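sequence below, structure please.
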Amino acid sequence: METVATAKSHKALFLNTMAFTVCFAVWMLNGVLVTFLAANQVFDWGPVEIGWLLGIPVLTGSIFRLPAGMLTDRFGGKPVFVTLLFICAVPMYLLSYADSFLEFALFSFGFGLAGVSFAIGIAYTSVWYPSKNQGTALGIFGAGNAGAALTLVFAPTLLNTLTDNGTNIEGWRQLPVYYAGLLVAMGTVLLVFAENKKHGRQAQNLTAMLQPLKDSRVWRFGLYYFLVFGCFVAFSQWLVPYVVNVYFLPLVTAGLLAALFSFPSGVIRAAGGWMSDKWGARVIMYWVLGLSVALSFMLMFPKMEIYTPGEGILAQRAGVVTEITDTHIVVNDQIYPIRQSDTDFEALDETLLLLPTKDTWQEAVVEVGQEVNRRELLAKGITRIYSQANVWVFAVFVIGLGSVWGIGKAAVYKHIPDYFPDDVGVVGGMVGVLGGLGGFFCPIIFGYLLDWTGLWTSAWMFMLVLSIVCFSWMHWTVMKMSRLPSGFETKFASLLQGGGGKFLNPLISWDDEFSVGIDAIDRQHAHLLGLINKIDDVIQNGGTYEKFAPTVNDLIDYANRHFEHEEKLMDDNHCPDLDKHKRSHDRLREELLHWQEKVAKARVEEMREHMLFLRIWFPGHILNMDKNDADYLT
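Here you go, the predicted model:
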């Protein structure tokens, strides 16, 4: 990882993004080509065959992302990326000779490898940029997702041109040749102009490279990516039949709407990276998952009319019905007003509704002269719920959701170099695998849900549930990290981790001398102390940096949030030394990051010496700064 972005960094980013755009356009080709061939009856394929041909490239490009990321970590991005482009060109070219489902499936499996370009590009891009620019750089690279929109827009036009609008149907075979040529051309450009770069660490064996996959964060990030990327890929293809069946739009218009969903989601990813750098990936993910919940909820309402019982009218006392009109019922001398419908539902079709609307009215169930008892029903209530699901409202919501997911894709990958700076290829590959599998499995899930419920909007119901699960897991994790242990709990955790040897001898023991007299701040300080002792415990037992690197990332992350919390309190209380305290926090952040860089490169025997820094860093700041400003930390 570089310490500063250079012209070489920007050149590498440009070439990576172009190559990824080409690969993503290739990866999504079957969505257009298979639909065209089936619609023109070139092959006798039913829904099952079509579903498999759409999913096979997505599956291939997903399951091989992990090994591709590992190869990139070991050999660098240039040789792996160039090899991939040339390899994919072969089955893409052979696709032009396919005459059966089996041949088409086999060649689709081959060129589907283009999907692994994401794992290669993420690892290759990250080594060229410092941590503070990782989000922006990876977001720009990820904008290559727009390659899907390019295929959706231009491939149908090319097919019409190559087949003379259907009169020369065999002309479709030229399209795979053109795509193969594009892959070869892009591979040649990378071969000539790209410069290789690898992580500056020694090569690891397979077991060591896979070690980060034991961290639960990898799987949590993978679930996020299953939503924001996998579901994006799924809906890039699913939206076409969805819009045709729900809104009766022509195929060309449906394809355009799918492209409008795909293109902004890819391009805005760059903005998502910048926002993640500026405000933090966690903050952005809170917004992304929250908006995903809200928009999925809005989209799951179909065009519908539902009648359900509403509030009726009960007789307050026994008597005889003497009069019934449209506005009231009279029992003896008592008048019971009847609620009438006040909504013209026919007119609603001509208006623009964002939310479902309802109307409630009452209808008499008794007759004049009828004797009624107390609490007997005089008029039944009827509620009518109407949802318009206007196509233009739908388009706005679905494009908005695609854009939100685009931002989320960048935010997810901003986390990876922060927590796994030397394992971006492996971790990024695994997260990419899980995300890509979303693109394979989600259309299958959508199909089964449609078959079971008969509702096209069941796909959005699934999105709502998945979004809630992701949001809840993230929030639970954040709250768990913020749950501040007492001194006893910290020592008890050390006892469990160290087998008893460190229980009475942590690096730093909490002492009343550290207290600033404010319980919330003291608990935060105690949590920082616990993280430091946890790092020391691993080092004292001969552990390598890889074993405690996640805890170091936790320490840096928690320290940043603690500092921000203190600064907000001091700002709210108009502390006169706020600027001085902020400068101290900035200096401490830099010192901690510098310490992380040094200890990451240190030999095991040197790490104990480096721990002396944390032994001084922790109490020095509390005693020298926080105690002085304790009156402003309430």
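
now the helices for the stretch 151-300 of the chain?
With helices called from DSSP state H, counting those that start in this stretch, the stretch 151-300 of the chain shows them at 174-193, 206-209, 216-225, 231-247, 251-267, 269-279, 281-299.

what of the stretch 501-634 of the chain?
Ranges of helices in the stretch 501-634 of the chain, per DSSP H, counting those that start in this stretch, are 519-540, 545-572, 578-601, 604-621.

and those, which one is worst for confidence?
Ranked by mean pLDDT, those bottom out at helix 604-621, with a mean of 68.

if we can go back for a sec, of all the helices of the stretch 151-300 of the chain, which one is nearest Leu578?
Closest approach to Leu578 among the helices of the stretch 151-300 of the chain is made by helix 269-279 (20.8 Å; CB to CB). C-beta coordinates here come from the backbone N, C-alpha and C atoms, glycine included.

dump the helices of the stretch 151-300 of the chain into CSV; add mean neighbour count, distance to Ala315 and mean pLDDT as well.
Listed next are those as CSV, based on neighbours: other CB atoms under 10 Å; distance: least, CB to CB, whole Å; pLDDT from 0 to 100:
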stretch, mean neighbour count, distance to Ala315, mean pLDDT
helix 174-193, 17, 75, 95
helix 206-209, 12, 79, 60
helix 216-225, 20, 57, 88
helix 231-247, 22, 46, 81
helix 251-267, 21, 55, 74
helix 269-279, 22, 62, 79
helix 281-299, 20, 41, 91
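
closest to Lys380 out of the ones you listed?
The minimum distance between Lys380 and the helices of the stretch 151-300 of the chain falls on helix 281-299, with 30.9 Å, by CB to CB.

coming back round to it: may I see the helices of the stretch 151-300 of the chain arranged in TSV, with distance to Gly447 as well?
Formatted as TSV, those follow (distance: least, CB to CB, whole Å):
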stretch	distance to Gly447
helix 174-193	27
helix 206-209	37
helix 216-225	22
helix 231-247	9
helix 251-267	17
helix 269-279	28
helix 281-299	18
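
ok, back up a step: can you say which of the helices of the stretch 501-634 of the chain is packed in most?
Comparing these by mean neighbour count (mean count of other CB atoms under 10 Å), helix 519-540 comes out on top with a mean of 20.

can you name every helix or strand that that helix contacts?
In terms of contacts (3 or more CB pairs under 8 Å, 6 or more residues apart in numbering; DSSP states H and E), helix 519-540 is packed against helix 487-498, helix 545-572, helix 604-621.

okay, and the helix or strand of this structure with the least pLDDT?
Every helix and strand of the chain was ranked by mean pLDDT, DSSP states H and E. The lowest is helix 487-498, at a mean of 40.

using the record, which stretches count as separate domains in the protein?
Using automatic domain parsing, the domains assigned to the chain come out as 7-198+209-300+391-479, 304-387, 484-632.

what's the spacing between the first one and its chain's center?
Using CA atoms, centre = their mean, to the nearest Å, we find the averaged C-alpha position of domain 7-198+209-300+391-479 to lie 12 Å away from the chain's own average C-alpha position.

distance between the ends of it?
With CA to CA, to the nearest Å as the measure, the ends of domain 7-198+209-300+391-479 fall 41 Å from one another.

kindly report the same for the shortest one.
Domain 304-387 has an end-to-end distance of 5 Å (CA to CA).

host element of Ile329?
strand 328-331 (DSSP states H and E).

any buried residues in that strand, and which?
Applying a neighbour-count criterion of 16 or more other CB atoms under 10 Å, one finds Ile329, Val330, Val331 buried in strand 328-331.

and the second one, how far is that from Glu323?
Spelled out, that is Val330. Distance, Val330 to Glu323, using CB to CB, to the nearest Å: 4 Å.

next, the contact list for Leu191, please.
Lys78, Val82 (CB atoms under 8 Å, 6 or more residues apart in numbering).

begin at 37 from now on, thanks
Sure, I'll start numbering at 37, so the last one becomes Leu227.
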